[in-house]
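[1] got a sequence here, can you build the structure:
(chains A and B, ligands or ions: 2)
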Amino acid sequence: MSILEFNKVKKEYRLGETTVRALRGVDLTVGKGEFIAVLGASGSGKTTLLNLAGAIDEPTEGEVRVNGQAISGMADNAKAELRNRTIGYIFQNFNLVSVLTALENVMLSLQIRGGRTADIRGEASQRLDDVGLADFMRHRPDKLSGGQRQRVAIARALVTNPLLVLADEPTANLDHETAQSIIDLMKELNEKEGVTFLFSTHDQRLINEVKRVVRIDDGKIVQ
Amino acid sequence: MLTWLTISLRNIIKNGRRSLTTVLAIALGYAAINLFQGYVHSTYEGLTNAAIHGEGLGHITIFKKGYLDQGKLHPEKFQFSRDEVERISGIVRKESDVQLVTPRLSVSGILSNGRNSTIFIAEGLVPVDDKEIRGDLSKYTSFSGTYLDDREKAGVVIGSELAAMLDLKVGSDAVILSNTYSGMANALDAKISGIYNTGNTATNDKMLLMTFRHSQDLMDFSGAERLVVLLKDGRNGKNLISVTGRLQKGLAAAGFSVEMKTWNELSVFYKQVKNLFDMIFLFIFIIVLVIVVMSVVNTMSMSVMERTREIGTLRALGLKRLGVKALFATEGALLGILGSGLGFIFFFTVYGLIAAAHPTYVPPGSSNPVPLQVDLVWPVLGRSVLSLAILALLAAYVPARRSAKMPIVDALGHI
Ligand SMILES: Nc1ncnc2c1ncn2[C@@H]1O[C@H](COP(=O)(O)OP(=O)(O)OP(=O)(O)O)[C@@H](O)[C@H]1O
Ligand SMILES: [Mg+2]
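    Ligands and ions are numbered 1, 2, ... in the order given. Below you'll find the predicted structure:
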């Protein structure tokens, strides 16, 4: 069964008089365990696509199904739960909570869900260990390098064992070497644990070894 | 939730300077409210004592029905006869909360030293009962001479200003003139046995206290104008209402139609001061309210604005709108509690200074200096922590609600 389904999805933004057509009819199916890169130039609609996939935005037309559920018209609280239980989000600029330590940031997704703090702490530190940050648990984000911050964000996205992990240009703020290591880490998690990834980038070099690449241009999938 | 508390506390510390301004505003508000409340509390206590014991109002006064409306015009129609006094007193005494019941007669007329004269208002009192109500008069005010005594029926105690006007000293002779209820002029000899300060400039130049029997002679009357009831120690508060109700019923059942007034209804001074203080308190409270709300709304609006992207992130991670509101409400409440905590320290500092320095002042309408005192009223101190925390919470809720409603995509795109 597919985890994510786009059916003739259109997304328009109104900017005063003009209407920006960010997506112009996108069909896409993502199956379990896939590792997909969305490649496209700036303004092509990558972020829009991932936002719809992450149930943090709604399509103007067409249908987006996450884990079989159509997100249009879903109640806000139900969408919040869907995000918390089935989706992991990794952002371009990391978006860590600055007053929380690395460990506390990772714990956050689980705490939103609820549970015993001791269990949550255990799972979160295990995840930080997985991404190679066992020695940095008590560090605040401003004491971490860009690559380390993105690893914390990956741990935070994965700690809930989501069906689908979305990453919008996770490497855009990193130098090439670090970017490659982040992609390698995601790939490793995909291969070892079967985590499904859908990530966007505009850097061709990073995706040489990625099996499935979705090219997007001006709001349409071209290949 | 503990995490929200952690995030809130750390953000408050992170924005130290801004938080401090808000916390200080709340602290000063807290201290102001509680110092004033403490002062009012001590003043009320003093005023209550002054009214019940000092003014000799007792707790409850029983009048003949209609007296309060028309008694001043037709005093003769609204007096209790000697028989009524005895039977009513008997019924009242059976009430277990009652310590004593005593008759009174008000008289007014002219006091003369033989050469000059001036008007007086007088109370005819049963000396032993009145001593029980007022206790030692010198406790409240400066008193010289001796108090009323039935063995000295013609002895009178007068206000110090009245004494000064007529150049009367303890031991001086005087003449009191009045009209009896039947309209005849009557004059009696009197001897000044005591002089005291009534504590009120409005009465200090008119007040005269005389023995009940002496006042009966002056009015040529064997009954009483009213009956004053004193309750046992500590029965003032809640009991006052219920005792009044029971007495009312008991007397009605026995066929007496009477009216009753409690001390706080009768003491004009108490009512005026209370109204004034209530007004001032409302004024202070509104100012504090406005300052606290504006300060918290301002601080929290800035916080929310700066953390819009964080809000978007948390929402993307699955936090519900309610969770966002809870996060900022927690921060607001925390500001309220920290502010009250600091305010508590301010309050105690000033409280300690006042307790150590014993300052005194002469309040308006009073002729004696009184100590400036602030009471420790724990329930009020506690309640104001709670109300300020809730107030700050509600003030934080306003900007939090706005941000919780914001589309996640917009919040995430916020720089
Ligand atoms: N909130 C918005 N309001 C108006 N227009 C928007 C909004 N978000 C995106 N757009 C427009 O929609 C189009 C697609 O934007 P999108 O952000 O999805 O592209 P992108 O591929 O992620 O670009 P980038 O590589 O720069 O991140 C662009 O033309 C953009 O200007
Ligand atoms: Mg983008």
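
[2] for residue B:209, phi and psi?
    phi -110, psi 130 (degrees, to the nearest 10).

[3] give me the pLDDT for the most centrally placed residue in chain A.
    Computing the C-alpha centroid of chain A and ranking residues by Cα atoms, centre = their mean puts residue A:166 first, at 1.9 Å. In the predicted model, residue A:166 carries a pLDDT score of 96.

[4] distance check, it against residue A:46.
    Between residue A:166 and residue A:46 the computed distance is 11 Å (Cβ to Cβ, to the nearest Å). (Each C-beta comes from the backbone N, C-alpha and C, glycine too.)

[5] grab the nearest non-local neighbour of residue 103.
    Since no chain was named, I'll use chain A. Distances taken as Cβ to Cβ, 6 or more residues apart in numbering or on different chains place residue A:137 nearest to residue A:103, at 4.1 Å, with adjacent residues excluded.

[6] if you could check chain B rather than the one you did, that'd help
    Closest to residue B:103 by Cβ to Cβ, 6+ apart is residue B:224, at 3.4 Å.

[7] OK, contacts around that neighbour?
    B:79-80, B:82, B:85, B:103-105, B:212 (Cβ atoms under 8 Å, 6 or more residues apart in numbering or on different chains).

[8] near chain A, which residues of chain B?
    B:1-3, B:6-7, B:10-11, B:14, B:309-310, B:312-321, B:323, B:407-409, B:412 (Cβ under 8 Å from any Cβ of the partner chain).

[9] list buried residues within these.
    Applying a neighbour-count criterion of 16 or more other Cβ atoms under 10 Å in any protein chain shown, the buried members of the residues of chain B next to chain A are B:3, B:7, B:10-11, B:309-310, B:312-321, B:323, B:408-409, B:412.

[10] what packs against the helix or strand in which residue B:384 is found?
    In the assignment (DSSP states H and E), residue B:384 maps to helix B:378-405. Other helices and strands packing on helix B:378-405, by 3 or more Cβ pairs under 8 Å, 6 or more residues apart in numbering or on different chains; DSSP states H and E, are helix B:16-49, helix B:268-306, helix B:308-316, helix B:321-357.

[11] returning to that earlier point: of the contacts of residue B:224, which is the nearest to chain A?
    Taking Cβ to the nearest Cβ as the measure, chain A lies nearest residue B:104 of the contacts of residue B:224, at 71.7 Å.

[12] please enumerate the strands of chain A.
    Using DSSP state E, the strands assigned to chain A run over residues A:2-15, A:18-31, A:35-39, A:61-66, A:69-70, A:87-90, A:164-168, A:196-201, A:212-217, A:220-221.

[13] chain B: which of the ones you listed is closest?
    Closest to chain B of the strands of chain A is strand A:87-90 (Cβ to the nearest Cβ; 4.8 Å).

[14] most centrally placed residue in chain B?
    residue B:44 (3.3 Å).

[15] measure it to residue A:43 for me?
    Separation of residue B:44 from residue A:43 (Cβ to Cβ): 72 Å.

[16] and the lengthiest helix in chain A, C-alpha only, in PDB?
    Selection of the longest helix in chain A by residue count, based on DSSP state H, yields helix A:176-193. Extracted in PDB, the C-alpha atoms of helix A:176-193 (Å, rounded to 0.1, in the frame of the first residue of the first chain):
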ATOM      1  CA  HIS A 176      29.200  19.900   0.500                       C
ATOM      2  CA  GLU A 177      31.000  17.400   2.600                       C
ATOM      3  CA  THR A 178      28.600  17.700   5.500                       C
ATOM      4  CA  ALA A 179      25.700  17.600   3.100                       C
ATOM      5  CA  GLN A 180      26.900  14.400   1.700                       C
ATOM      6  CA  SER A 181      27.200  12.900   5.100                       C
ATOM      7  CA  ILE A 182      23.700  13.900   6.000                       C
ATOM      8  CA  ILE A 183      22.400  12.200   2.800                       C
ATOM      9  CA  ASP A 184      24.500   9.200   3.600                       C
ATOM     10  CA  LEU A 185      23.000   9.000   7.100                       C
ATOM     11  CA  MET A 186      19.500   9.200   5.700                       C
ATOM     12  CA  LYS A 187      20.300   6.500   3.200                       C
ATOM     13  CA  GLU A 188      21.700   4.300   5.900                       C
ATOM     14  CA  LEU A 189      18.600   4.700   8.000                       C
ATOM     15  CA  ASN A 190      16.500   3.900   4.900                       C
ATOM     16  CA  GLU A 191      18.500   0.700   4.200                       C
ATOM     17  CA  LYS A 192      18.900  -0.500   7.800                       C
ATOM     18  CA  GLU A 193      15.500   0.400   9.200                       C
END
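
[17] re the thing from before, and which of the contacts of residue B:224 is nearest ligand 1?
    Distance to ligand 1, by Cβ to the nearest ligand atom, is smallest for residue B:104 among the contacts of residue B:224, at 84.0 Å.

[18] dump the residue contacts of the residue of chain A found nearest chain B.
    Closest residue of chain A to chain B, Cβ to the nearest Cβ: residue A:84 (2.4 Å). Residues in contact with residue A:84 (Cβ under 8 Å, 6+ apart) are A:109, A:112-113, A:160, B:317-319.
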